[in-house]
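In: build me a model:
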Amino acid sequence: MKPLGLILDANSISDLVLLAKQAEDANFDSVWATELYRTAFQQLSAVSQNTKKIKLGTAVALGFVRSPLITTLTALDLDEISSGRLVLGLGTGAKRTNEMWHGISHGKPVTRIKECIELIRLFNSGLHVGNPLSYEGEYYNISTKGYHRAFKPVRDSIPIYLAGVGSNMIRAAGEVADGYLGHVVCSLRYIREVVFKNIAIGLKTSERERENFKSCSIITCAISDNKKEALEAARATIAFYATVKTYEPPFKLHGFQKETEKVRAAFFNRDIKAMIKSVSDDMVNTFAVVGSASECRNRIGEYREYLDLPILSAPHYFLDFEEVKKYQTAIIDTFGQ
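Out: Reported below is the predicted structural model:
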């Protein structure tokens, strides 16, 4: 089986664990926990104790709402709990949610996330040694004098994947991260024309080879012989992400500005039905993989030319969890072995 990841989403932690075990039994490469309604690390902590070999990824842990030290300690703990299976996926979060929900400044996200990643690596390699760290950056001024972590890390380093949609953030992933995490709205064309090119620029800047870097992206996948039903399920997820301006570049590339304006207007009027209705079939087929099992296998195969790891996600926004579970089962049955 070529490597595939699966996004974890369930109504309860116990169902989440069950889904992860099913993915492991089906020989998926990894499972990934999101961070919106739950924390990514806590979900994976439960999963880690009920699985043995499958990799565990955060998709994504918010980089700015925790200090780099707390992010490092949390990652080190989870890596120990899982016997070295963690992939630390980090993202900046959107400006509006950082400032409104978390009460923190967004700043210059590329500069800030680069400093954050640098500090996490320094903490990971040096906290247990006891050598004090002195760091002065634009966003972080830190001294660890007097701090000594008594526990040696399970691994010398934990792989860090950086999420991004805009060109500058994608380049930053190529410069400073071990891998790139694409968003649900990164269409195949966007991956080919924008992501692939900017990763290469970032890698060239950091003088690194492509084979030492992992390119991944989350893909909404609705597998069903009832194409109309699958389109409707995926349509709701695309509608949710069309409301976020941070994710605008892929919609703009495909000329969907009028549709996204309608979605956003309906969102601010709290009209969910109008939001979903404003998403055209063309938008769904652009940003999601929808259709029969064979159709979806063929479509994911096209992504593999540019991605080392497609991460499949069932449609989930504005759907009840039983419907979500149906699409998750279809993904596992179609792509597992």
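In: below-threshold pLDDT in the stretch 201-337 of the chain: ranges please.
Out: Nowhere does the stretch 201-337 of the chain drop to pLDDT under 70.
In: which stretches in the stretch 151-300 of the chain count as helices?
Out: With DSSP state H, counting those that start in this stretch as the criterion, the stretch 151-300 of the chain has helices at 167-176, 188-190, 196-205, 227-242, 248-253, 257-268, 272-277, 281-287, 293-303.
In: let's have those in a markdown table, adding distance to I158 and mean neighbour count.
Out: Bear in mind the C-beta positions are built from the backbone N, C-alpha and C, glycine included. Formatted as a markdown table, the helices of the stretch 151-300 of the chain follow (distance: least, CB to CB, whole Å; neighbours: other CB atoms under 10 Å):
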| stretch | distance to I158 | mean neighbour count |
| --- | --- | --- |
| helix 167-176 | 14 | 22 |
| helix 188-190 | 28 | 18 |
| helix 196-205 | 20 | 17 |
| helix 227-242 | 28 | 22 |
| helix 248-253 | 29 | 18 |
| helix 257-268 | 36 | 16 |
| helix 272-277 | 38 | 16 |
| helix 281-287 | 30 | 20 |
| helix 293-303 | 26 | 16 |
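In: in CSV: these, plus distance to I331.
Out: Below are the helices of the stretch 151-300 of the chain laid out as CSV (distance: least, CB to CB, whole Å):
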stretch, distance to I331
helix 167-176, 26
helix 188-190, 18
helix 196-205, 25
helix 227-242, 12
helix 248-253, 22
helix 257-268, 26
helix 272-277, 22
helix 281-287, 17
helix 293-303, 8
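In: contacts only, for I311.
Out: When contacts are counted by CB atoms under 8 Å, 6 or more residues apart in numbering, I311 touches 4-7, 30, 32, 57, 59, 181, 216-219.
In: so what's the backbone phi/psi at L8?
Out: phi -90, psi 130 (degrees, to the nearest 10).
In: residues near it, how many?
Out: 25 (other CB atoms under 10 Å).
In: okay, and the beta partners of it?
Out: A33 (DSSP bridges).
In: could we number from 7 for the rest of this?
Out: Let's use 7 as the start, then, which means that last one is L14.
In: my read: it touches L25, true?
Out: Yes. Between L14 and L25 there is a contact under CB atoms under 8 Å: 5.9 Å.
In: circling back to that earlier point, just the contacts of I317 now: which is nearest I123?
Out: Ranked by distance to I123 (CB to CB), the contacts of I317 are led by L187 at 13.0 Å.
In: nearest residue to the closest one in space, please, no chain neighbours.
Out: Closest residue to L187 apart from its sequence neighbours, by CB to CB, 6 or more residues apart in numbering: A169 at 4.0 Å.
In: who's in contact with the spatially closest residue to P115 that is not a sequence neighbour?
Out: Nearest residue to P115, sequence neighbours excluded (CB to CB, 6+ apart): T98, at 4.1 Å. Taking CB under 8 Å, 6+ apart, we find T98 in contact with 68-70, 104, 112, 115, 118-119, 169-170, 175.
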